[in-house]
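*Asks:* Provide a 3D model corresponding to the input given below.
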Amino acid sequence: QVQLVESGGGLVKPGGSLRLSCAASGFTFSDYAMSWVRQAPGKRFEWVSDINSGAGTTFYADSVKGRFTISRDNAKNRLSLQMNSLKPEDTAVYYCTKRSSAIADTDLGGMDSWGVGTPVTVSS
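*Replies:* Predicted coordinates for the structure are as follows:
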């Protein structure tokens, strides 16, 4: 069965950096686009970033563009999110998700598996 296990969350001060990782198993990782989604306390899920199966195409929400970088290592079945210049409004639980196709997208549709999430808190 599909398993997505996030790690790397924690407490960081505004302006700091964190790197999230997602270990994937139970499917052919290199065949599918992957995404990061977040949910801030009391708010709806927000799509953050996408990467296609071959890592040649990436998309970012306007709220994180220029600060976050998504990447993947298909040889290691690993998805990453480098987060720089973090702001308090980035505080959320971050989820690694698998899309049902190889094509990256820019919304919450078309995701068929989710990890359990890793919390990120940006606070001084």
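
*Asks:* is the spatially most central residue of the chain in a bridge, and if so with what?
*Replies:* Taking Cα atoms, centre = their mean, the centroid of the chain lies closest to W36, which sits 2.3 Å from it. Following DSSP bridges, W36 is listed with bridge partners S49, C96.

*Asks:* what's it in contact with, if anything?
*Replies:* Contacts of W36 were listed using Cβ atoms under 8 Å, 6 or more residues apart in numbering, and they are 20, 48-50, 70, 79, 81, 94-97. C-betas here are computed from N, CA, C, even on glycine.

*Asks:* in a markdown table: those, plus distance to Q1, pLDDT and neighbour count.
*Replies:* Converted to a markdown table, those look like this (distance: Cβ to Cβ, whole Å; pLDDT from 0 to 100; neighbours: other Cβ atoms under 10 Å):
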| residue | distance to Q1 | pLDDT | neighbour count |
| --- | --- | --- | --- |
| L20 | 22 | 98 | 23 |
| V48 | 25 | 98 | 24 |
| S49 | 25 | 98 | 24 |
| D50 | 23 | 98 | 25 |
| I70 | 24 | 98 | 22 |
| L79 | 18 | 98 | 28 |
| L81 | 23 | 98 | 26 |
| Y94 | 22 | 98 | 23 |
| Y95 | 17 | 98 | 22 |
| C96 | 15 | 98 | 27 |
| T97 | 15 | 98 | 23 |
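
*Asks:* which of the residues you listed sits closest to D31?
*Replies:* Within those, proximity to D31 (Cβ to Cβ) peaks at L79, which comes in at 13.6 Å.

*Asks:* host element of that closest one?
*Replies:* Element membership of L79 [criterion: DSSP states H and E] is strand 78-83.

*Asks:* leaving out sequence neighbours, find the closest residue to F68.
*Replies:* Leaving aside its sequence neighbours, F68 sits nearest to M83 (Cβ to Cβ, 6 or more residues apart in numbering; 5.1 Å).

*Asks:* no further queries at this time; thank you.
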